[in-house]
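Novice: take a look and give me a structure for this.
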Amino acid sequence: MLDMVTLWALGTGEIILIALVVLLIFGGKKIPELMRGLGKGVSQFKKGVKEVDDEINSTLKDMEDK
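Specialist: Numbers count the residues shown, from 1 in each chain. Model prediction:
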């Protein structure tokens, strides 16, 4: 399990290298569009998780009231 944690521990150099590769692949004009889409996807995911959590909590509350 420790190997999986250290696998994702990126340093500053690796992050800069990844950013340069992304910039070369997608170009400067496409990156804002990609980030906007990623942000919308994350917000939709959080909204869905909150809805499921609210539904579970309301069901548990209804079961306790009975």
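
Novice: find the centremost residue of this structure, please.
Specialist: With distances taken as CA atoms, centre = their mean, the residue of the chain nearest its centroid is V42 (5.3 Å).

Novice: give me the next element, helix or strand, following the helix-or-strand element of the chain with minimal mean pLDDT.
Specialist: When the helices and strands of the chain are scored by mean pLDDT, DSSP states H and E, helix 2-7 comes last with a mean of 60. Scanning forward in sequence from helix 2-7, with DSSP states H and E defining helices and strands, the next element found is helix 12-26.

Novice: counting by contacts, list what the following helix or strand past that next one packs against.
Specialist: Using DSSP H and E, the helix or strand that follows helix 12-26 in sequence is helix 30-65. In this structure, helix 30-65 packs against helix 12-26, with contacts taken as 3 or more CB pairs under 8 Å, 6 or more residues apart in numbering; DSSP states H and E. Bear in mind the C-beta positions are built from the backbone N, C-alpha and C, glycine included.

Novice: the helix it packs on to helix 30-65, inter-axis angle?
Specialist: What separates the directions of helix 12-26 and helix 30-65 is an angle of 110 degrees, with axes from the mean of the first three to the mean of the last three CA atoms, to 10 degrees.

Novice: which strands and helices lie in contact with helix 12-26?
Specialist: Using 3+ CB pairs under 8 Å, 6+ apart as the contact criterion, the elements in contact with helix 12-26 are helix 30-65.

Novice: how far off centre is the helix it packs on?
Specialist: Centre-to-centre, helix 30-65 and its host chain are 12 Å apart (CA atoms, centre = their mean, to the nearest Å).

Novice: how about stretch 17-33?
Specialist: On the basis of CA atoms, centre = their mean, the separation between the geometric centre of stretch 17-33 and that of its chain is 19 Å.

Novice: run a quick neighbour tally on V22.
Specialist: Other residues within reach of V22, judged by other CB atoms under 10 Å, total 13.

Novice: the nearest residue in space to it that is not next to it in sequence: neighbouring residues, count only.
Specialist: The shortest distance from V22 to any residue that is not its chain neighbour, by CB to CB, 6 or more residues apart in numbering, is 7.0 Å, and that residue is I31. Around I31 there are 14 other residues, counting by other CB under 10 Å.
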